[in-house]
Structures are given as structure tokens and as C-alpha cells.
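A.B. asks: here is a sequence with its predicted model. Questions after.
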Amino acid sequence: MQQPLKPSNFAKTAVHAPGKPAQGGAKRRQQDEQGDQKAVRGDTGQNAQNSAASTSRQWTIDDFEIGKPLGKGKFGNVYLAREKQSKFIVALKVLFKIQLQHSNVEHQLRREIEIQAHLRHPNILRLYGFFYDEEKVYLILEYAARGELYKELVACTHFDERRSASYILSLARALHYCHIHHVIHRDIKPENLLLGLGGELKISDFGWSVHAPSNRRRTLCGTLDYLPPEMVEGKVHTTAVDNWSLGVLTYEFLFGGPPFEAPGHQDTYKRIVGVDLRFPDTPDVSDEAKAFIRKLLIKDASQRLPLTEVENDPWIRAHADPKLLGGQ
């Protein structure tokens, strides 16, 4: 039986400074640590005591047994790993400092750490902590046993309506949680979604996310096919960019490709700005699903279907897994 991972003691604001926690945060960290312990089945009072006793330590690579590679990216690799003392399974993301520096994305990594470390939701991949050495930065992540959702979508070409509606409901709840905590993801796409052992959806990759208490941003980021009109046009955008992405994702789940795909970037831009939404004849998709997509892919961001109303949409009610309906 897996034992709880000991919560890490890591810097909140800098990749290069693992130093000591900020003053005044001890009580909050202790609450987070207790939550971590309770979240894993098989916890005992002794385990919790051992974890609490070790909170001041710093992680090193020697604390982990490294297993098979789970994925490879531009800046490093992800490995299956096990913390030696507790035997708890994690995914260890290993990033090369020199590549981060050359691509000038250190700020993105800092932002990802700052944001993801504070999020606690069943459909958001947990970031347990991080550490680094002379050459690498290591992120200690929740292990999503079934891997990338994108690979399953490619293998299936498209999902049926039950599976699509279930994923979209879970994603809407996770995004709403982000929004009430003033986090805009801004890069929701199949490649940034993982699946847990039971097939539950997990949002990962918060590199393009932003903590925006004002709910207003003006930077262009994310993946072109998923960008809303306001971002394409360089206008101020709000949390509603994620609502748009939810509509694009629904379309891709059901039809196997994004709705505004075109041969060139300029054509894609034009289709997005004009909301040139077309539904192919195949596969056969219900009118309720198409209506749901239309409620999200609206140029006026203020008119997009609120995430809190997704659960009560007729398409979601008719097709999502009944076990998800009524649960949070």
C-alpha cells in the first residue's frame, strides 16, 4: 500500500533559490501538509508524525528511485519515480537549466511552480514540490497512470458523446476552481490533459497560466487553434478565454480536430476572429452537443456559457457519466 509523500519545503517564488519558507506561512504549510497526508489512502498517525518531523529537509535526487521514462519534452524528460522512504510513486519531471536559460523560459517555470503548488482539486495534477542541482531542476508531480489524453484521442480518432461530456464536465469544474482562485490557464488542449488510473481527467502544464486577481490580461500565449478572438486580436482578456478553450476542446473530442483549423496561420486567425464554426457530417454528433459548443464559442466573451452552468446543460445532463453528475 502506498504511503503518503512527505510534503516538501520549497521556495514559492524562485527556481534558483530553494531557501527557507517565508515567515508567516508555517500555519498554512502545515495545513497543506495535513491535507496531503489525508489525501492518500493508508495513512496512519505514525506516518503523519514522521512526515511532520521531516518537513524541514530539502529533497535531492538521492531520495528517489528512478524508473522508466514517461515522456520527453523540449527542456527535459519525465520519469516514473519512487520516494525511497515512503515508497510513494510520483512522476519526476527533470528539466535542464541551460535549455531553460537559452529559451528564456525560466520565468514560465517559476510561474508554473508558484501556481500549481497551491492548487488542490481532483482534476488538477498535483505538484508536491521541487528541488535542483547544478544542472537540473526537478519537479515532483502526481503520477497519472494512464498518461496523455491526447494519445488516446489520436488512437480513437474521436471520443463518443458520453466520454466527451464526462471529460468536459470534469474540466469545467477544475477550471472553475482555478478561476475562483484567480488563475487563468490559457493553454487548455488535449496535450495538456492527463488521465489517472481510474480514467479521471487531470489538468497539467501550467506554464502559460497566470495568477491574475484583476481577471484581465493582455499577452498573447497558448496554442493557436485554441486561442479566442480577443487574444488573436490582442485585446484585453479574462477568465473567459478558458471557456472558449472548453468549447474548442469539446469540438475536438467529438470530431477529432479543432474547429478553426486551416492550411495557414492567417486563415486560422480569420476563422477564429469571424467565429467561422462549421460542423462536418461525420461522425454523427447530436444537436445538443453542437448547441453546447455554440454556447461557448461566442465572440463576445461575456456571453459565453459560465462554467457554473455547464453541469446543467442539456447535453451534459444527457450524456455525462451519472457518477459525475451531482458530485463536485
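C.D. replies: The structure has been received and is ready for your questions. None of these values were measured; they are calculated from a predicted model.
A.B. asks: how far is the helix or strand containing I115 from where the chain is centred?
C.D. replies: Following DSSP states H and E, one finds I115 within helix 106-116. Centroid displacement of helix 106-116 relative to its chain, using CA atoms, centre = their mean, to the nearest Å, is 13 Å.
A.B. asks: packing partners of that helix?
C.D. replies: strand 127-132, strand 210-211 (3 or more CB pairs under 8 Å, 6 or more residues apart in numbering; DSSP states H and E). Every residue, glycine included, has its C-beta placed from N, CA and C.
A.B. asks: next helix or strand past the last one?
C.D. replies: Later in the chain than strand 210-211, the nearest helix or strand by DSSP H and E is helix 229-232.
A.B. asks: right, and the helix or strand after that following helix?
C.D. replies: That would be, after helix 229-232 and using DSSP H and E, helix 240-255.
A.B. asks: can you list contacts of the following helix or strand past that next one?
C.D. replies: Note on helix 240-255: by DSSP H and E, the next helix or strand toward the C-terminus is helix 265-273. Identification of contacts with helix 265-273 by CB atoms under 8 Å, 6 or more residues apart in numbering yields L224, D225, L227, P228, P229, V232, E233, F260, E261, A262, D276, K299.
A.B. asks: buried subset of the residues you listed?
C.D. replies: Buried by 16 or more other CB atoms under 10 Å: L224, D225, L227, P228, P229, V232, F260, A262, out of those.
A.B. asks: quick one, helices of the stretch 1-150 of the chain?
C.D. replies: Listed in chain order, the helices of the stretch 1-150 of the chain (DSSP state H, counting those that start in this stretch) span 26-39, 45-53, 97-102, 106-116, 149-156.
A.B. asks: beta partners for L139?
C.D. replies: Under DSSP bridges, the beta-bridge partners of L139 are K93, F130.
A.B. asks: returning to what we had before: for the buried ones among the contacts of helix 265-273, which one is nearest Q99?
C.D. replies: Q99 has its nearest neighbour among those in L224, at 23.3 Å by CB to CB.
A.B. asks: what sits against the closest one?
C.D. replies: Contacts of L224 by CB under 8 Å, 6+ apart are H265, T268, Y269.
A.B. asks: any idea how far H102 is from it?
C.D. replies: 23 Å (CB to CB, to the nearest Å).
A.B. asks: do the same with F159
C.D. replies: F159 sits 38 Å away from H102, going by CB to CB.
A.B. asks: end to end on stretch 112-129, go ahead and measure it.
C.D. replies: Stretch 112-129 has an end-to-end distance of 12 Å (criterion: CA to CA, to the nearest Å).
A.B. asks: so how far is it off the chain centroid?
C.D. replies: Distance, centroid of stretch 112-129 to centroid of chain: 8 Å (CA atoms, centre = their mean).
A.B. asks: same question for stretch 233-243.
C.D. replies: Distance, centroid of stretch 233-243 to centroid of chain: 18 Å (CA atoms, centre = their mean).
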